[in-house]
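> All I have is the shape, not the residue letters:
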Ligand code: HEM
């Protein structure tokens, strides 16, 4: 097994070892932290603007302060988003590649069993999943639509009715409110699952995005069995540490699926002769007709 030497070295003192898989790099985690901070600041300042809009008597100064802060938070959020995805665009591209991936029979079975599993996690067993679970793909897509919907409609609203016309302005106002409504519902489910509040989801779940970005091997196999097996076979993102030693944060991770795609010759002559990557991974991928 290879270790991610840039991140950490394998400790070898004979004690019990735990393997971890790098899941989210530093830029994705910073971006996600910015989502949490700015989403809640924008929700709070937006709420003041909204209650004024629907006719509550809000003090004039309060409205002015909320309006200015709402814009400052919005620009800061967009800036962090642009910077993080410009430094590492593959975080965004890979997320959309996983979201857009077609569903196989495990994905369908996962969705069919998800709610029975939530009600009775001890006796319902979910099938293995790829990098993102099928249900997670729906929820991630909705989250991205809402995030970018907020940003685009916000820019249009800032431009104002004089610039874009009252019709478009009203349309974007409706979109902005719709995003807020969708966000309030989705974020409750997202936090419930993402923070590991459901007993069968480990409380370590929040650590994947909010902490060091590593997933324990056992958690990875439990949640995303196919992905974990691929990562363990390839090894590029895997580290092994003594029990009790905390991993340092993931700085950089290698997208094994991107590497695999890049190693293929897509020309008509070369189509049938994909350069062999790690063998087990290619076999698995061929069998599932996945990520190819
Ligand atoms: C305390 C609040 C939150 C917690 C505990 C949390 C937790 C998580 C976790 C654990 C994941 C990663 C799942 C995985 O590894 O596949 C995740 C992904 C994600 N979260 Fe959150 N989250 C929170 C708030 C938010 C907020 C406020 C937003 C948006 C405004 C957001 C947007 C996203 C998105 C878009 C992803 C998918 C990222 C990707 O493409 O991989 N999250 N969250």
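On my side now, so go ahead. Note that the structure is a prediction, hence the values are computed from the model and not measured.
> Please identify the helix or strand for residue 86.
Using DSSP states H and E, residue 86 falls within helix 60-87.
> in that helix, what counts as buried?
Using 16 or more other CB atoms under 10 Å as the test for burial, helix 60-87 gives 66, 69, 70, 73, 74, 77, 78, 80, 81, 84, 85. From N, CA and C alone the C-beta is placed, and that goes for glycine too.
> Can you identify the element that follows it toward the C-terminus?
Using DSSP H and E, the helix or strand that follows helix 60-87 in sequence is helix 89-99.
> where's that following helix relative to the chain centroid, distance-wise?
With CA atoms, centre = their mean, to the nearest Å as the basis, helix 89-99 stands 9 Å off its chain's centre.
> Stretch 35-55 too?
Remark: stretch 35-55 is offset 24 Å from the chain centroid, using CA atoms, centre = their mean.
> Equivalent analysis for stretch 76-93, please.
13 Å.
> just stretch 46-65 next, same as before
Worked out by CA atoms, centre = their mean, stretch 46-65 lies 33 Å from the chain centre.
> residues in contact with it?
In this structure, residues lying in contact with stretch 46-65 by CB atoms under 8 Å, 6 or more residues apart in numbering are 66, 67, 70, 177, 180.
> What's the end-to-end length of it?
11 Å (CA to CA, to the nearest Å).
> can you check stretch 159-170 too?
Terminal residues of stretch 159-170 are spaced 12 Å apart (CA to CA).
> List the buried residues of it.
Neighbour-count burial for stretch 159-170 flags 164, 169 (criterion: 16+ other CB under 10 Å).
> And the contacts of that stretch?
Stretch 159-170 is contacted by residues 156, 157, 172 when judged by CB under 8 Å, 6+ apart.
> now do stretch 190-203
Residues outside stretch 190-203 that contact it (CB under 8 Å, 6+ apart): 117, 118, 121, 122, 139, 143, 204, 205, 206, 209, 219.
> With stretch 118-136 instead?
Under CB under 8 Å, 6+ apart, the answer for stretch 118-136 is 94-95, 98-99, 101, 103, 106-111, 113-114, 116-117, 140, 198-200, 223-227, 229, 257, 290-291.
> Quick check, pLDDT for the residue of the stretch 151-292 of the chain found nearest the ligand.
Residue nearest to the ligand within the stretch 151-292 of the chain (CB to the nearest ligand atom): residue 194, separated by 2.7 Å. In this model, residue 194 is scored at 89, pLDDT.
> Number the residues from 59 up from this point.
Right, with 59 as the first residue, what we last looked at is residue 252.
> where's residue 296 relative to residue 258, distance?
Distance of residue 296 to residue 258, given as CB to CB, to the nearest Å: 25 Å.
> which of the two has more neighbours?
Using other CB atoms under 10 Å, the more surrounded residue of residue 296 and residue 258 is residue 296, with 22 against 13.
> Surely that one is in contact with residue 289?
Yes: in this structure, residue 296 is within contact of residue 289 by CB atoms under 8 Å, at 6.1 Å.
> got any residues that touch both of those two?
Residues touching both residue 296 and residue 289 (CB under 8 Å, 6+ apart) are residue 79.
> which parts of the stretch 209-350 of the chain sit against the ligand?
Contact residues (CB under 6 Å from any ligand atom) of the stretch 209-350 of the chain with the ligand: 245, 248, 249, 252, 253, 263, 264, 266, 267, 268.
> Mind picking the two most distant members of those?
Using CB to CB, those span at most 17.2 Å, a distance reached by 245 and 266.
> which of those two has more neighbours?
More crowded of residue 245 and residue 266, by other CB under 10 Å: residue 266, with 24 against 18.
> Let's see the pLDDT reported for that one.
92.
> Now the helix or strand hosting it: buried residues?
In the assignment (DSSP H and E), residue 266 maps to helix 263-268. For helix 263-268, the neighbour count (16+ other CB under 10 Å) marks 263, 265, 266, 267 as buried.
> cool, stretch 200-209 as well?
Applying 16+ other CB under 10 Å to stretch 200-209 flags 200, 201, 204, 205, 207, 208, 209 as buried.
> so the third one makes contact with residue 237?
Yes: with contacts counted by CB under 8 Å, residue 204 reaches residue 237, the gap being 4.9 Å.
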